[in-house]
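Colleague: predicted model and sequence below, questions to follow.
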Amino acid sequence: MNKKVLIIGGVAGGASTAARLRRLDEKAQIIILEKGPYVSFANCGLPYHIGQIIEDRDELILQTPESFKNRFNIEVRVNNEVTKINKEEKKVTITNHETNEVYEEDYDTLVISTGSIPLKPPIPGINSEGIFSLWTIPDMDKIISYVKKVNPKTAAIIGGGFIGLEMAENLEKLGIAITIVEMANQVMAPLDYDMAQIIHRHLVAKKVTLKLNDGVKSFERESGKTLITLQSGQTVSTDMVILSIGIRPNSMIVKEASLELNARGGVKVNEFLETSDQSIYAVGDVIEVDHLISHEKTMIPLAGPANKQGRICANNIMGKKEKYAGSMGSSVAKVFDMTVAATGLNEKQLNQSGKFLNSDYRVTIVHPGSHAGYYPGAFPMTLKVIFDLDGKVLGAQAVGYEGIDKRIDVIATVLKFNGTVYDMKELELTYAPPYSSAKDPVNMAGFSAENILNKSMDNILFNELASLDMNDTVILDARTPYEVSLGKIEGSYNIPVDELRERISELDPSKLIVVYCAVGFRAYLATRILMLNGFSRVRNLAGGYTTYSVVSADYNVTMEECAICEEDENCDVHSLNACGLACPQPLELVYGKINELKEGDILEIRATDPGFSKDIEVWCGQSCHTYLKSEKLDDSFVVRIKKGSPLK
């Protein structure tokens, strides 16, 4: 007798299960029951249609009931909601929302792919007009319709996760001013705070207002606007609200069927994706999985794992007995001009698990270029790698403009095969100037990690500085005096690395010496000089002043607009190419060039250092020149300044 398989839910897990089943068995009866009007759509693409980056709505619809029938001979019933599972009789109860008919369907095997649903806490006023969630195509349609009807000028996004940040970018493209409210002290939970601060800086540069460490107390609709009262007592008045507070497993019918769930409502499955009933499987956002690195039970609602689970589930239904090893949470997102990606465990997760103390792992932070610096368009990135004392990689995070996904994908592969930082050091990766450097950023992180493990260098993290005894510590700034003039760690002592050998007697070898430079390389050289000259307590500040300056800043404020003046059409415009150079070289070029110009001339500078825009703004204020504007192009940042003070 032919097997009859019912699948509750489509999209990623359910649709991939169904398609794989048909490839394995031409005779099986396969029915997908989907409570919504769409069975297979690109939910990750919804924000980008709202922002008109994806112009054609139909591009989001991957399969239809008709295409499933024609290609796979699979029956799809949309607008048919399963309301009850009777596992004893192997039947489900279904409501057809088009006809209001209630009927039953039996099965040999049942697959639960009900996914997850947005959290909607009982906040007063949360169901008011102008407040939206984004999870399905109908959700998207409601937002687009509202934007066309109301023409909002402001929007508040509640929650700084993937969808929240993607919506921030796409609504901003429509000319809408954005405020993000986030209860935690950071956006993007897969990142540690030090990495999330880079995203905070970028959001503020994009004129996004951040309200961190603050939750919503109430919503109130008045005069066509929504007044949001925050837990802090602050208020935000806005034309529309997007809820991106989080998600939970859509497992109510599973709970009512007395199948085993975890404390968060996730369906418990074994290594073969079977539930507590061997005739019922589950895949996707709704299930609990093993974390590949921590080996703890967790929830990882991502499309990639869901699709793989669907394939394995189908194999097992057909008797193959293939194990699902688990997930490690590899993820990537576009945040305006930047890309952020992560894999494995972050420091927060390591510390919360109880399996790792701070002394059980090490961290390296490097700032390599996306490709060879002499080839146009090389952007620096921030790459953080976490590893244990044996060198095993535990997790990695990266933020930047180019090549971010590539590096995290490589490290995710290292993680999958239980690799180490020594493997990262030895990887033979492709190289040509437009794509990488002879020593790829992954290699560079491996070199740095190896130096830490073999005691060639000991580093110190930003958050450890506050616990130092400053009576027994010297913070040594190994940068040039010019760099120091643009910003420094308070209380630090400046000896440029090139002068260190001659001035080493100025330092007390009995004290702890914490060395920093811009990104860590010159500090590493200084560390080696000191250690080889008998200094036994030397540590390099991870990520250098680049990381320190970002992490120590407060972006949880409304930034004031810079004082600017209009460009005079009669001004002479001069160009300066500073691409491929790192601080302080672009500023040194500007200093030399500005002296050649006459008062009122415009200098347009192209650079690839993301911090240059802020550095030049500070420099203009210090040197009585006028900062005009900055914009991001495909291969560089373009900054315009005017020689002379702003007009009063």
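Modeller: Right, received. Where do you want to start? Please read these numbers as outputs of a predicted model, since none were measured by experiment.

Colleague: partner residues bridging residue 226?
Modeller: With DSSP bridges as the criterion, residue 226 is bridged to residue 221, residue 238.

Colleague: show me where pLDDT drops low in the chain?
Modeller: 356-358, 557-570, 583, 622, 645-648 (pLDDT under 70).

Colleague: quick check: which element contains the residue most central in space within the chain?
Modeller: In the chain, the C-alpha nearest the mean C-alpha coordinate belongs to residue 340, at 4.0 Å (C-alpha atoms, centre = their mean). Assigned by DSSP states H and E, residue 340 belongs to strand 338-344.

Colleague: who are the packing partners of the next helix-or-strand element following that strand?
Modeller: As assigned by DSSP H and E, the chain's next helix or strand after strand 338-344 is helix 347-353. If you count contacts as 3 or more C-beta pairs under 8 Å, 6 or more residues apart in numbering; DSSP states H and E, helix 347-353 packs onto strand 393-400. (C-beta placed from N, C-alpha, C; glycine too.)

Colleague: packing partners of the strand it packs on?
Modeller: In terms of contacts (3+ C-beta pairs under 8 Å, 6+ apart), strand 393-400 is packed against helix 193-205, strand 338-344, helix 347-353, strand 382-388, helix 404-416, helix 421-426.

Colleague: next, residue 142: secondary structure please.
Modeller: Under DSSP: H, G, I helix; E, B strand; the rest coil, residue 142 falls in the helix class.

Colleague: show me the contacts for it.
Modeller: Residue 142 sits next to residue 132 when contact means C-beta atoms under 8 Å, 6 or more residues apart in numbering.

Colleague: contacts only, for the residue nearest to the residue nearest to the centre of the chain when sequence neighbours are not counted.
Modeller: Nearest non-adjacent residue to residue 340, counting by C-beta to C-beta, 6 or more residues apart in numbering: residue 399, 5.0 Å away. Applying C-beta under 8 Å, 6+ apart to residue 399 gives the contacts 191, 195, 198-199, 338-340, 381-382.

Colleague: mind doing that once more with 10 Å?
Modeller: 188, 191, 195-199, 201-202, 335, 338-342, 381-384, 550, 610 (C-beta atoms under 10 Å, 6 or more residues apart in numbering).

Colleague: before we move on, what about residue 4?
Modeller: 28-31, 90, 105-110 are the contacts of residue 4 under C-beta under 10 Å, 6+ apart.

Colleague: quick one: which of those sit in strands?
Modeller: Secondary structure defined by DSSP state E assigns 29-31, 105-106, 109-110 of those to strands.

Colleague: including distance to residue 80, could those go into a markdown table?
Modeller: Converted to a markdown table, the ones in strands among the contacts of residue 4 look like this (distance: C-beta to C-beta, whole Å):
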| residue | distance to residue 80 |
| --- | --- |
| 29 | 16 |
| 30 | 15 |
| 31 | 9 |
| 105 | 9 |
| 106 | 15 |
| 109 | 18 |
| 110 | 15 |
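
Colleague: quick check on those residues: which are buried?
Modeller: Neighbour counting with 16 or more other C-beta atoms under 10 Å marks 30-31, 105, 109-110 as buried within these.

Colleague: tell me which of the residues you listed is nearest to residue 471?
Modeller: Nearest to residue 471, judged by C-beta to C-beta, of those is residue 110 at 68.1 Å.

Colleague: quick one, helices of the stretch 1-150 of the chain?
Modeller: Taking DSSP state H, counting those that start in this stretch as the criterion, the stretch 1-150 of the chain carries its helices at 13-24, 46-50, 65-72, 137-150.

Colleague: now the longest one: buried residues?
Modeller: Going by neighbour count (16+ other C-beta under 10 Å), the buried part of helix 137-150 is 137, 139-140, 143-144, 146-147.

Colleague: gap between it and the chain center?
Modeller: 26 Å (C-alpha atoms, centre = their mean, to the nearest Å).

Colleague: how far out from the middle of the chain is the following helix or strand past it?
Modeller: On the C-terminal side of helix 137-150, the closest following helix or strand by DSSP H and E is strand 154-158. Mean-position distance between strand 154-158 and its chain equals 19 Å (C-alpha atoms, centre = their mean).

Colleague: packing partners of strand 154-158?
Modeller: Under the contact definition 3 or more C-beta pairs under 10 Å, 6 or more residues apart in numbering; DSSP states H and E, strand 154-158 sits against strand 131-133, helix 162-173, strand 177-182, strand 209-212, strand 216-222, strand 225-230, strand 235-238, strand 240-243.

Colleague: repeat that for 7 Å
Modeller: helix 162-173, strand 177-182, strand 235-238, strand 240-243 (3 or more C-beta pairs under 7 Å, 6 or more residues apart in numbering; DSSP states H and E).

Colleague: which residue packs closest to residue 217, ignoring adjacent ones?
Modeller: Closest to residue 217 by C-beta to C-beta, 6+ apart is residue 229, at 4.7 Å.

Colleague: turn the buried residues of helix 137-150 into a markdown table, including distance to residue 604.
Modeller: Listed next are the buried residues of helix 137-150 as a markdown table, based on distance: C-beta to C-beta, whole Å:
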| residue | distance to residue 604 |
| --- | --- |
| 137 | 44 |
| 139 | 43 |
| 140 | 40 |
| 143 | 38 |
| 144 | 38 |
| 146 | 40 |
| 147 | 35 |
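
Colleague: quick revisit: what two of the ones in strands among the contacts of residue 4 have the greatest distance between them?
Modeller: The widest separation within the ones in strands among the contacts of residue 4 (C-beta to C-beta) is 14.0 Å, between 30 and 106.

Colleague: closest to residue 590 out of the buried residues of helix 137-150?
Modeller: Nearest member of these to residue 590, counting by C-beta to C-beta, is residue 147, at 41.2 Å.

Colleague: just give the number of residues close to the closest residue to the closest one other than its chain neighbours.
Modeller: By the measure of C-beta to C-beta, 6+ apart, the closest residue to residue 147 outside its immediate chain neighbours is residue 174, 6.5 Å from it. Counted with other C-beta atoms under 10 Å, the neighbours of residue 174 add up to 14.

Colleague: could you do residue 258 as well?
Modeller: 12.

Colleague: make sure it is indeed in a helix.
Modeller: No - judged by three-state DSSP, residue 258 forms no part of a helix; its state is coil.

Colleague: could we number from 201 for the rest of this?
Modeller: Happy to do that; since the first residue is 201 now, the last one works out to residue 458.

Colleague: ramachandran angles for it?
Modeller: Main-chain torsions, residue 458, degrees, to the nearest 10: phi 60, psi 30.

Colleague: check contacts around residue 717.
Modeller: 678-679, 697, 723, 744-745 (C-beta atoms under 7 Å, 6 or more residues apart in numbering).

Colleague: what comes into contact with stretch 634-644?
Modeller: Contacts of stretch 634-644 (C-beta under 7 Å, 6+ apart): 566, 568-569, 571-572, 575, 581, 583, 607, 610-611, 624-625, 627, 629-631.

Colleague: let's go with 8 Å and repeat that
Modeller: With C-beta under 8 Å, 6+ apart, stretch 634-644 has contacts from 566, 568-573, 575, 577, 581, 583, 603, 607, 610-611, 624-625, 627, 629-631, 647.
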